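>>> give me a 3D structure for the following:
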Amino acid sequence: MLKLWTIDEAQQYVAEARRSNRIVGVVPTMGALHEGHLSLVRKSCEECDETIATIFVNPTQFGPGEDLSRYPRTLEEDLAGLERAGATAVLIPSVEDMYPDGFSTYVEPPEVAKPLEGVCRPTHYRGVTTVVLKLFHAIPGHHAYFGRKDYQQVKVIQAMTRDLNLKIEVVMCETVRDPDGLAMSSRNRYLSPEERERALLLSQALRRAKTMAREGTYCVASLQEEMRRVLVSASSDRPTTESTKTNGVDAIDYAVIVDAETLSSVSSLERPAVALIAARVGKTRLIDNEFID
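The predicted structure is shown next:
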């Protein structure tokens, strides 16, 4: 696996690949890789001749008081995982290369960025769209692979790609979960054993809403109320012990069901919808989602 340390090196590598009519896949990451990231790499390897991952902890998508300074950096482990998964190259740019001195140009996020995370983290998607556009210029591939766990992020990047006429297909891949249902996330490593147990309430709340919809409950308000009830109460799937500090999550940023394309509010399940949750367990903010059919 080739290590590319600058944008110039990456552009030259991709230009040569494209001259040879090789299909190039891109897997942008911030490192601290887990099986979810590596599944994206393997998907790209199945569909592309070249798979180029990126490892860059992007400072512009962290708001004040967020965890930029303590975001896990595990470069050696990440490189070993990427090589096992079959990546042909990895771009590891410096902050100075991505954001040169005097940098002041940002991408205005599309409409789909405004609700949910756009309310909770007002500057987040400006940083995401800016860095992803820069990575797409650094690695002008044919396909880019993102996980569905960050559902709104994928919709934002798809909209940006469409609006700016970028010639790259954004591919959304399924969320990878641990056997107990917890969606894999780099931030899961912050959770204590007790907090990780409570983190399971996110996936349990989503499954409950999906089950209710399949059984005939189409009122979105009722489904959202049930998700919140699961999030704040003890789960029937786990015992409550004296050592458990609280039965539910510590805070809910949102637990909603919205239009699957626009992320706008819906009152009933008359078109494709998605349930999305953002909640805090301890000091860790977690997100998860599930399609509701």
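
>>> would you state the strands of the stretch 1-150 of the chain in chain order?
In order along the chain, the stretch 1-150 of the chain carries the following strands (DSSP state E, counting those that start in this stretch): 2-4, 24-29, 50-55, 89-91, 143-147.

>>> in TSV: the ones you listed, plus distance to residue 129, mean pLDDT and mean neighbour count.
For glycine as for every other residue, the C-beta is placed from the backbone atoms N, C-alpha and C. Compiled in TSV, those are given as follows (distance: least, C-beta to C-beta, whole Å; pLDDT from 0 to 100; neighbours: other C-beta atoms under 10 Å):
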stretch	distance to residue 129	mean pLDDT	mean neighbour count
strand 2-4	23	98	15
strand 24-29	12	98	27
strand 50-55	15	98	26
strand 89-91	18	98	24
strand 143-147	13	98	23
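
>>> got JSON lines for the ones you listed, with distance to residue 106 too?
Below are the strands of the stretch 1-150 of the chain laid out as JSON lines (distance: least, C-beta to C-beta, whole Å):
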{"stretch": "strand 2-4", "distance to residue 106": "24"}
{"stretch": "strand 24-29", "distance to residue 106": "17"}
{"stretch": "strand 50-55", "distance to residue 106": "19"}
{"stretch": "strand 89-91", "distance to residue 106": "21"}
{"stretch": "strand 143-147", "distance to residue 106": "20"}
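
>>> between those strands, which gets nearest to residue 166?
With C-beta to C-beta as the criterion, residue 166 lies closest to strand 143-147 of these, at 9.3 Å.

>>> just checking, what packs against that closest one?
In this structure, strand 143-147 makes packing contacts with strand 24-29, helix 35-47, helix 151-163, strand 169-173, judged by 3 or more C-beta pairs under 8 Å, 6 or more residues apart in numbering; DSSP states H and E.

>>> contacts for that strand?
By C-beta atoms under 8 Å, 6 or more residues apart in numbering, the residues outside strand 143-147 that reach it are 23-28, 36-37, 39-41, 43-44, 47-48, 136, 153-154, 157, 168-176.

>>> and the buried ones among these, selectable in ChimeraX?
Selection of buried members from the contacts of strand 143-147 for ChimeraX, criterion 16 or more other C-beta atoms under 10 Å:
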select :24,25,26,27,28,36,37,39,40,41,43,44,48,136,153,154,157,168,170,171,172,173,175,176
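
>>> if I read this right, residue 262 contacts residue 112, doesn't it?
Yes. Checked against C-beta atoms under 8 Å, the pair residue 262 and residue 112 is within contact range at 6.3 Å.

>>> what sits against the spatially most central residue of the chain?
The chain has residue 150 as the residue nearest its centroid, 2.9 Å off, counting by C-alpha atoms, centre = their mean. The neighbours of residue 150, taking C-beta under 8 Å, 6+ apart as the test, are residue 287.

>>> could you do the one 4 residues further on as well?
Taking C-beta under 8 Å, 6+ apart as the contact definition, residue 154 lies against 146, 147, 148, 170, 172.
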